[in-house]
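Colleague: Here is my input; please provide its structure:
(4 chains)
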4 protein chains.
Amino acid sequence: MPKIRAGIINVTGYIGAELARILCQHPQVELVTVTGRSAAGQKLGDVFPSFARTKYTIEAELDSETDIAFSAMPHKSSAEVILPLLKQGIKVVDASADFRLKNADEYPKWYGFTHPSPELLREAVFGLPELHGSEIASASLIANPGCYSTGAILALAPIVREGLIAPDIVVDSKSGVSGAGRTLGLTTHYSEVNENICAYSLGGHRHLPEMEQELKTLNPTFSPSITFVPHLVPMTRGILSTCYARLRDDKLLKDAKAEKRLSQIYQEFYKHAPFVQITTKPPHTKHVWGTNFCLIYPTVDLKTGRLIVISCLDNLVKGGAGQAVQNMNLMFNLPETTGLEALAIHP
Amino acid sequence: MPKIRAGIINVTGYIGAELARILCQHPQVELVTVTGRSAAGQKLGDVFPSFARTKYTIEAELDSETDIAFSAMPHKSSAEVILPLLKQGIKVVDASADFRLKNADEYPKWYGFTHPSPELLREAVFGLPELHGSEIASASLIANPGCYSTGAILALAPIVREGLIAPDIVVDSKSGVSGAGRTLGLTTHYSEVNENICAYSLGGHRHLPEMEQELKTLNPTFSPSITFVPHLVPMTRGILSTCYARLRDDKLLKDAKAEKRLSQIYQEFYKHAPFVQITTKPPHTKHVWGTNFCLIYPTVDLKTGRLIVISCLDNLVKGGAGQAVQNMNLMFNLPETTGLEALAIHP
Amino acid sequence: MPKIRAGIINVTGYIGAELARILCQHPQVELVTVTGRSAAGQKLGDVFPSFARTKYTIEAELDSETDIAFSAMPHKSSAEVILPLLKQGIKVVDASADFRLKNADEYPKWYGFTHPSPELLREAVFGLPELHGSEIASASLIANPGCYSTGAILALAPIVREGLIAPDIVVDSKSGVSGAGRTLGLTTHYSEVNENICAYSLGGHRHLPEMEQELKTLNPTFSPSITFVPHLVPMTRGILSTCYARLRDDKLLKDAKAEKRLSQIYQEFYKHAPFVQITTKPPHTKHVWGTNFCLIYPTVDLKTGRLIVISCLDNLVKGGAGQAVQNMNLMFNLPETTGLEALAIHP
Amino acid sequence: MPKIRAGIINVTGYIGAELARILCQHPQVELVTVTGRSAAGQKLGDVFPSFARTKYTIEAELDSETDIAFSAMPHKSSAEVILPLLKQGIKVVDASADFRLKNADEYPKWYGFTHPSPELLREAVFGLPELHGSEIASASLIANPGCYSTGAILALAPIVREGLIAPDIVVDSKSGVSGAGRTLGLTTHYSEVNENICAYSLGGHRHLPEMEQELKTLNPTFSPSITFVPHLVPMTRGILSTCYARLRDDKLLKDAKAEKRLSQIYQEFYKHAPFVQITTKPPHTKHVWGTNFCLIYPTVDLKTGRLIVISCLDNLVKGGAGQAVQNMNLMFNLPETTGLEALAIHP
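Modeller: Numbers count the residues shown, from 1 in each chain, chains lettered A, B, ... in the order given. Prediction:
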């Protein structure tokens, strides 16, 4: 079988570089081009020394003989870059938010721009393989989910589909700093971030509409009312999301066996998902460092009857580049885990 | 005015050492004795080099001419050490949990021992000066609150007293590692903690009954149902607590002015509290590093009508040693802030 | 005694803010003005929330009724700002490098500009109180030393003055990230710095000529040949310098008593220096966190007869703002330690 | 070709676990047994959750059908465990120090025990493939080098063999905390290590005799006088070693071309070494995070004529488990890089 010819648009951010790391080690892929406007002409290894032993030079434009392009452009610019590629018949996985929301009206509200091709929003598939595997397999345009969305949706999907919880949901997420990207700012300045934790985006984070959209899709009778508060934690990689919801009384008895039944529901829901693992203890972000896994720990606070579900993942892998490659695997009929099997590096 | 003669029992843990740091710089205190069983005979500066320029030697026993003793013993041992001191007329601030809970039945349940002197539980005052200032002033035994409890109670007190929220409360707390003390363990081993975040004590953390007790006391008609999940964050000091509750509709309209009214309620409640500051932006733990301040940011998630209150403090100061000294100041009719005015060291 | 009226020029960097922290808590100082061009009109507490409880507003210009001004301007700009102040009779402590080097020819070479007032270079005093205490007391212009220079010079001064070592010296320094200031850059971007160590400025760091100048001044027969390599360490504050030199055989026998004699030489040299402490174990930067102390550990590698001297300090305090205030104390005949006595906050 | 049957003795430390991570992903290896006395019977995934998806159970004893055993036992115990294996014809890579030193007299001096089988010291090969590749290929017992030794020897080998430097050498190394292993102690306690740097083992570190032995072996006319000072840095993985030596005047002119000639010498020396990369800028430990690479940056301080060589590596990979597997590859005639090609994970 010939290798898939892949290109990365805007390799100079952290998601772009992580795509390069995974793709250039993927056994079924030939990474053909990596692009980056401001850095065009430089060696990839000069921008990111961990690539010093690879031969890539950053190009201005994608090679035309590309089977699949991964866009790591910022939102708005990404859609502009992607449209002509689709017309050329190149499959696209878009790491930006530009095709994640089905309702074009959400873009002015959350992202401050009018969507340039609302008709494509329907065609695009939300690239969460655990929920949309078969659609992904036949899609030409994948909207790769946000890092927070991935953790929160995977944590909540089984109980939302089963109708086990009331609509009031709190998602309290804690993210490492790489989620803020490689762009400089005081909020990512070492001396400000180190030895500090804070909440941000209290007025509404852009990953919230993705969570709402996907949970509603799972259970059309369910209208979630989600309060989502992200926090910035002094570490580079990892997102831990602690989700709280009330159990609907008739559905799951609040007794000592609740946790076991809950675990079975999750095990069943994810039985075909190679990258989701249901744990029996609270998971650590370090357990998934550098991997494409999402660990989920569902439990019940017996004293209050409240459900707590904790998920964790590596924001640049399962929350970004790894999931994009998982989507590619499905789009090209490869085993879902190809090129993504590495164990976490610990400690 | 003669200086207050103070002693620290068990100076060799982090709370003990922090008490020593604050007390030996307190203008109205003469730190007379620091004790520590295993380290008796050693210089304090040999155990903690930051005290190299002080003259303290760790003793086996407290000096009898002590006006006030601070116990930094572990729970259970603390009560045993304190009882004879009280009989000698020495005032005591107990940093352990041994006198925090009014109901003796809670001790077997949460701490695994039968309380040795339940009659003292009523006499002891829960040492949160913002709630119990006048009782503290006349007390001989202060139960210094837990670090998590301090942050959560201060965050919730105004709206609980005003009856603004429904009883369903989520407290999601994130703590630095020094809260786990100086005792060695894999969960405080650098290579395991660094670049990691996790939740713990999902089955019920010991600071929960303190939160429930104090919130009920503030509003006897209120029966809080609190889910409390602490998390361990890779930093040394600081606790950030993100508290979620539903507003009772009739009390605070969910409109654009809600946040302002909320802020006024908090400002009013804490108008005499020199160490509580109501902020207008999400606070950072780094803003209180090394200080006795507690920052509180109350806000409303207008989309869901849910209240979010974020508090932060330094777990070893306002969450421990600083609050103990604040209590001492009140007990000896000193200005509450004496010896505790230092600004945060930043960055 | 009336308080000293002090002003800070360019309070918005880390040295400026640290000066503000120390000065506004100094018992003999009234901090009158803090300036900052781009932030003029903002409250200091809005730029640095740790000052939220102070009343300072950032001004465009210094108050004319100032006794002493601290300049935290970048080099070159600092000299321009200082010259008119000196003419008005305002004493100045300059935290920049603009008056550190006695030889005007060094400025084009190391800093890329021609010095605007070479005649002032002779008048300015290099503000290392342990070496130049009496000159500082009568100076109107103090050149506050570089953070690396302070640690290296204090480590080497006693043995250079005594002529104990050969001229070949290696200074291997490790600094926290705050030394790079508040200006943004990839080298201070959290995700790049965290979990990383690297050397930099291999071609020659600007603090090297300060070290050479001061060591030559101590011993005019000594022509040091210093290799200085600074390293960036993933922590916010602290510099540790490990200095290596060969003992001159006739001066200090390479036997088991060498270390004791060495320690005595250091003790003697620094017997009047309240902020230098000679240790008997390798010091940790954490032992001086937030303080004005410099710890020095001199030892001999008996196997090779090589001297190793390790010093550590807090780069923003003894390596910057604290030393500036120590200089001010001397200039105004205050006890050297006034306002600088705080113990390290640990852990 | 049948897979190599490998076993790990004492998998429960960090080197043991890292061996497991690499070996269970190695395409030519079947990891047959992992042992650990205290943890025998537990699943490997229960001790290290990153192995949750593997099937290993920790055994008490090695499987007898083992082709190669990796010992991650502490020194002294390792020799005891290894001797019977060698008699059974099992090849051994020993990660301890028990067979690193050729001279049995060094063991009482540096390790405090009399070597149980001095005759094996000659037979054992020091497992630094860049120096001893052909001997390793035919060895049955490999002494895997220390982490510090690997970095320092690789940094110095080319210029020592060429006789370019005088014998006075300073090696100033900075290590992450995982080098201290998984055993608990105050020096690896998070709150003590975080935001701190210190030197240790000033009296002589055990990796020093390895460095001396190997550099002497490279050039029998060279008697190095090495001062080696290791430092502990607040990060998990990585060692950076900054090596200083004086150039012998006649060998390499101290002019602007010196650096280029130096680089050529290093390029030439390591032209067959797939894991050594000569850089043209100071390397960062983060560039080799999780990889088996050693980056080396040789440069000249033109002002003093002193040579500076900086090397960096991941202490658990090239400084431990990765190098052990590299040795195994050579012992079994596999390409040296098999199973070790992964790129660094960045950031």
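
Colleague: and A:K254, what pLDDT?
Modeller: Reading off the confidence values, A:K254 has pLDDT 65.

Colleague: my guess is A:E30 is in a helix, correct?
Modeller: No. Counting by DSSP: H, G, I helix; E, B strand; the rest coil, A:E30 falls outside a helix, being strand.

Colleague: give me every residue that touches it.
Modeller: A:3-6 (Cβ atoms under 8 Å, 6 or more residues apart in numbering or on different chains). Just so you know, the C-beta spots here come from the backbone N, C-alpha and C atoms, and that holds for glycine as well.

Colleague: got the residues of the stretch 1-150 of chain A near chain C?
Modeller: Near chain C, the residues belonging to the stretch 1-150 of chain A are A:Y14 when assessed by Cβ under 8 Å from any Cβ of the partner chain.

Colleague: closest point of the stretch 1-150 of chain A to chain D, which residue?
Modeller: Distances from the stretch 1-150 of chain A to chain D, computed as Cβ to the nearest Cβ, single out A:S50 as the nearest residue at 3.7 Å.

Colleague: mind listing what the residue in the stretch 51-200 of chain A that chain D sits nearest to touches?
Modeller: Proximity to chain D, evaluated over the stretch 51-200 of chain A using Cβ to the nearest Cβ, is greatest for A:S178 at 5.6 Å. Listed by Cβ under 8 Å, 6+ apart, the contact set of A:S178 reads A:14, A:236-237, A:315-316, C:191, D:347.

Colleague: what helices or strands is the helix or strand containing A:A324 leaning on?
Modeller: Counting by DSSP states H and E, the element that carries A:A324 is helix A:322-331. For helix A:322-331, the packing partners by 3 or more Cβ pairs under 8 Å, 6 or more residues apart in numbering or on different chains; DSSP states H and E come out as helix A:14-23, strand A:68-71, strand A:91-94, helix A:129-137, strand A:141-143.

Colleague: try 7 Å
Modeller: Using 3 or more Cβ pairs under 7 Å, 6 or more residues apart in numbering or on different chains; DSSP states H and E, the elements in contact with helix A:322-331 are helix A:14-23, strand A:91-94, helix A:129-137.

Colleague: Please produce JSON lines containing those, extended by mean pLDDT and mean neighbour count.
Modeller: Formatted as JSON lines, the entries for those read as follows, by pLDDT from 0 to 100; neighbours: other Cβ atoms under 10 Å in any protein chain shown:
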{"stretch": "helix A:14-23", "mean pLDDT": "98", "mean neighbour count": "26"}
{"stretch": "strand A:91-94", "mean pLDDT": "98", "mean neighbour count": "26"}
{"stretch": "helix A:129-137", "mean pLDDT": "98", "mean neighbour count": "18"}
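
Colleague: near chain D, which residues of the stretch 201-347 of chain A show up?
Modeller: Residues of the stretch 201-347 of chain A lying close to chain D (Cβ under 7 Å from any Cβ of the partner chain) are A:236, A:277, A:287, A:290, A:342-347.

Colleague: Greatest separation within those residues: which pair is it?
Modeller: A:T236 and A:Q277 (22.2 Å; Cβ to Cβ).

Colleague: Give the residue from these two that has the larger number of neighbours.
Modeller: Higher neighbour count among A:T236 and A:Q277: A:T236, with 26 against 20, using other Cβ atoms under 10 Å in any protein chain shown.

Colleague: Out of the residues of the stretch 201-347 of chain A next to chain D, which is nearest to chain C?
Modeller: For chain C, the nearest member of these is A:T236. The distance, counting by Cβ to the nearest Cβ, is 4.9 Å.

Colleague: Could you list which residues are in contact with that closest one?
Modeller: With contact taken as Cβ atoms under 7 Å, 6 or more residues apart in numbering or on different chains, A:T236 is in contact with A:176-178, B:195, C:191, C:194-195, D:347.

Colleague: Neighbour-wise, which one of these leads?
Modeller: A:G176 (31 neighbours).

Colleague: Going by residue numbers, what spans are strands in chain A?
Modeller: Taking DSSP state E as the criterion, chain A carries its strands at A:4-9, A:29-35, A:58-59, A:68-71, A:91-94, A:125-126, A:141-143, A:165-175, A:198-199, A:225-232, A:239-247, A:276-278, A:294-301, A:306-313.
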